[in-house]
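**Q** starting from these lines, generate the structure:
(2 chains)
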2 protein chains.
Amino acid sequence: MSTNIRDIAKNVGVSVATVSRYLNDSGYVSYETAQRIKKEIERTGYTSNMHAQAIFKKQSKTLGLMIPNILNPFFNEVITYVEDRVVKAGYSLLLCNTSDDKGKEKMHLDMLKRFRVDGIIASRSLCREEYKSLQIPIVSFENNIRDDVPIVTADNYEGGRLAFEHLNSVGCKKLLHIEGPKTFDATVARAKGFVSAAHDYGCNVDVLNFNTDFRYDMAIDSDKELLKKITKYDGIFVFNDISCANIMNGIMTYGVRIPDDIKIMGFDNAMISTMVKPHITTIAQSAQKIADKTVDILLDIIAKKTDYELVNYIDVKLVARESTGLGNKNMN
Amino acid sequence: MSTNIRDIAKNVGVSVATVSRYLNDSGYVSYETAQRIKKEIERTGYTSNMHAQAIFKKQSKTLGLMIPNILNPFFNEVITYVEDRVVKAGYSLLLCNTSDDKGKEKMHLDMLKRFRVDGIIASRSLCREEYKSLQIPIVSFENNIRDDVPIVTADNYEGGRLAFEHLNSVGCKKLLHIEGPKTFDATVARAKGFVSAAHDYGCNVDVLNFNTDFRYDMAIDSDKELLKKITKYDGIFVFNDISCANIMNGIMTYGVRIPDDIKIMGFDNAMISTMVKPHITTIAQSAQKIADKTVDILLDIIAKKTDYELVNYIDVKLVARESTGLGNKNMN
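**A** Predicted coordinates:
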C-alpha cells in the first residue's frame, strides 16, 4: 500500500494544506514543521505523484536529449556537458539513444511526448515528419529539424575548408575525403567545405561516401577492396575522429605508415584523437560550447523569451598532430 | 488547443468507446475503422495522455537504466545491448547517467520513481540507502545493490586471477595492479583475484589505487610522480581498458616501449582495446551477455516469475594481444 499526502499529514499532525504548501514551496511552513514533514516523507518513501502533478501543472521539469549514436565519443562529451547544465537549471534529463534508427527514434519521441517533457534537444533525425506537428519547445544541435527550430552547430563548412588547407600545406597531392552519411547535415557541410576549398586552389579531390556513422562491425581491415581504394591516396580527411581512428587502425595493419605514407586527419577533437598513436590531427569543435548554447536557448524558449538567434555557429579550429606529420602543436 | 479522444471519435465518425478500444487494444475494431482512427491520430498529432494512463493502468511500459560513467566505452556497449532487448520487449528505456555522483544519481532515482517506471537496471551506486525503500522491480549489473536484488556480473575475481597468470607466464617479475575505486564491487573483485593468484604462486605484487573511473582530466602524462611510480614495474594490470589506454598513452609519451620495457593489460575487451596501438591484452567480458541476462531477469520479475538466480556470473576469458608481446591470437 503506498503512502499518500493524507497519510503524511496525519502522521506529522498537520493539515493536508500544510504538506501541500511544503511540497509545492507555495506558502509559509515553519522550519520545524518542514523538517518533520521531510523526515516523514523520507521514512515512508513517499513520492509525490509526478504524473498527476504533470497533468495539473503542465510541466514535468524534465528535458529530453536525442543522441544519434552513443558509440561516438563526441556525443558522449555532448551528453556530459548538456547534463551538467540541465541539472544546474533544476531539470532532469532523459537520454534517448536513437542509433540513427527511425523506429527507435520514433519510439523515443513518442515517449517524450507521453511524459510531457518541457523541451527537447534534437539532433540529426530520420523523423522530420513527426517533428512537424510537435508542440514542444525544441532546439537542435548539428542538424536542421524544422525551419522555426533554432540550431546550434559547429561551422562544419569552414572546418572542411581548414582540413583541405592543412593537408595541402603539408604537401599532400592525392587527396581523398571519406564523407559521412548524406543524411547528416554536419558531415555534408564538412564535405562541401573540403571540396570547395580544393576547387578554389585548383585541386582535384575524390570523395568516398560512408553510409553510417562509426559502428562496431565496421571491419575496415578485412575489407580489401575498401583498403585498396583508400591506400592509393597520400592525404585523407575523414568525417569524424572515431571513424578516422578506425581507418588508421585498419590501414596500419596492412603496413601503411602514418604520416610517412599517408597523412590522415579527422574532425571533432574527441578524446579518441589523443588516445591512439599516432595522435590524430583534427578540426576541433567544442562540445561544451555547443551543449551550453543549446541548453541556454531551450531554457529561453521555455521561459517565453524570444531574443535568441535561429542559427548559431560555433567556431572551429585546426589542431595539428602526429597523423599529418606535425607535433602536438596547436597550429591556430 | 489540444485534441482529445472525443475529437478523434467525432472526426472519424465512430463512438468514443471504439476509439478507446483501438487505443487500448481491448476489443474488436474493424481493420478499416482502425486505419481511419490511426490516420486521424496522425493528422492531429494526438497523444494519449501517458500520465493519466500510468495512473490508471499502473504501468508506464518504461524501464530505467542507471549508467555509472558514460565516458567508459564498456558502458556504451552495455547501453546498446540493453536498449535492443528492452525495445524488442515493447518497452521504452530511460538512460540515466550518474557520473558516479551521488547528487545526480539521487536526482535520477527520484525521476524514475516519479515517472513510475516498471523496473530499474541499477549498477554501482552511491545511493544504497535510497534503494532500500524502493518498491520497484530492480536488477543490478556488476554491483550488489540490496540483498534481495538479483545481480548479473562478469566473474571479476576469476578475471583478476587470469590477469596475474598471464603476466606471470610472459615473464614479468615486478608486477603492479592499478586498482579502480574501492566503491566499485567489480574492480575490487578484480584486484582481489589478481593479488590472490599472486599469493598462490608465491609472488609479490604492488597495488596502486585510483579514486575514479576514467575521466577526461586524468592527465597521466603530466603527473610525473605517478609516472615514476608506474614505470618501475615490468608488468601492469589496469582495472579497465579505457584507463589502460590512457596510461599506455601517458607512459609512451615518456619513451617507454610497450611491450619491450613494460607489458600492460586491461579488462573489458572494450572497443578501445583494438583501436589503440599496441592493441591491448585484456580480460574479455561480454557486454551483450550481461545486458541480455540483466534485462531477461528484470522482465521475469515484472511478470511475477520467481525462478531466477540471485547471483549470475558471466564467464570471462583472456584475450592476448600486442601490449603483452602476443599477437592477435586468442589464448583461450
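
**Q** what bridges to the residue lying closest to A:D241 once chain neighbours are set aside?
**A** Distances taken as Cβ to Cβ, 6 or more residues apart in numbering or on different chains place A:G266 nearest to A:D241, at 3.8 Å, with adjacent residues excluded. Where C-beta positions appear, they are placed from N, C-alpha and C, glycine not excepted. A:G266 has these beta-bridge partners by DSSP bridges: A:T282.

**Q** show me what contacts A:G266?
**A** By Cβ atoms under 8 Å, 6 or more residues apart in numbering or on different chains, A:G266 lies in contact with A:237-245, A:273, A:280-283.

**Q** and the helix or strand harbouring A:I178, what does it pack onto?
**A** A:I178 belongs to strand A:175-179 when assigned by DSSP states H and E. Judged by 3 or more Cβ pairs under 8 Å, 6 or more residues apart in numbering or on different chains; DSSP states H and E, strand A:175-179 is in contact with helix A:156-169, helix A:185-200, strand A:205-209, strand A:235-238.

**Q** these: which one's closest to A:V87?
**A** helix A:185-200 (26.1 Å; Cβ to Cβ).

**Q** number of nearby residues for the nearest residue to A:L126 once chain neighbours are set aside?
**A** With Cβ to Cβ, 6+ apart as the criterion, A:L126 has its nearest non-adjacent residue at 4.1 Å, and that residue is A:K102. Using other Cβ atoms under 10 Å in any protein chain shown as the criterion, A:K102 is surrounded by 12 other residues.

**Q** would you indicate which residues of stretch A:312-319 are buried?
**A** Using 16 or more other Cβ atoms under 10 Å in any protein chain shown as the burial criterion, the residues of stretch A:312-319 that qualify are A:N312, A:I314, A:V316, A:K317, A:L318, A:V319.

**Q** out of everything not next to it in sequence, what's closest to the last one?
**A** The spatially closest residue to A:V319, leaving aside those adjacent along the chain, is A:A284, at 4.9 Å (Cβ to Cβ, 6+ apart).

**Q** is A:F239 in contact with A:I178, as I believe?
**A** Yes: between A:F239 and A:I178 there is a contact under Cβ atoms under 8 Å: 6.1 Å.

**Q** shaky segments in the stretch 1-150 of chain A?
**A** In the prediction, the stretch 1-150 of chain A carries residues with pLDDT under 70 at positions A:1-2, A:24-27, A:45-59.

**Q** let's see that with 50 instead.
**A** Within the stretch 1-150 of chain A, the ranges that satisfy pLDDT under 50 run A:1, A:50-57.

**Q** how about the residues of the stretch 51-200 of chain A by chain B?
**A** The stretch 51-200 of chain A comes close to chain B at residues A:51-55, A:62, A:70-71, A:73, A:76-77, A:79-80, A:83, A:87, A:92, A:94-97, A:99, A:104, A:107-108, A:110-111, A:113-116, A:133-135, as judged by Cβ under 8 Å from any Cβ of the partner chain.

**Q** repeat that with 7 Å
**A** Applying Cβ under 7 Å from any Cβ of the partner chain, we find that the stretch 51-200 of chain A lies next to chain B at A:51-52, A:54-55, A:62, A:70-71, A:76, A:79-80, A:83, A:87, A:92, A:94-95, A:97, A:99, A:104, A:107-108, A:111, A:113-116, A:133.

**Q** just the buried members of those residues?
**A** For those, buried by 16+ other Cβ under 10 Å: A:51, A:54, A:62, A:70-71, A:76, A:79-80, A:83, A:87, A:92, A:94-95, A:97, A:99, A:104, A:107-108, A:111, A:113-116.

**Q** higher neighbour count, A:F239 and A:I178?
**A** A:F239 (29 against 25).

**Q** tell me the pLDDT at the nearest residue to that one once chain neighbours are set aside?
**A** Leaving out its chain neighbours, the residue that sits closest to A:F239 by Cβ to Cβ, 6+ apart is A:G180, at 3.7 Å. Turning to A:G180, the model gives it a pLDDT of 88.
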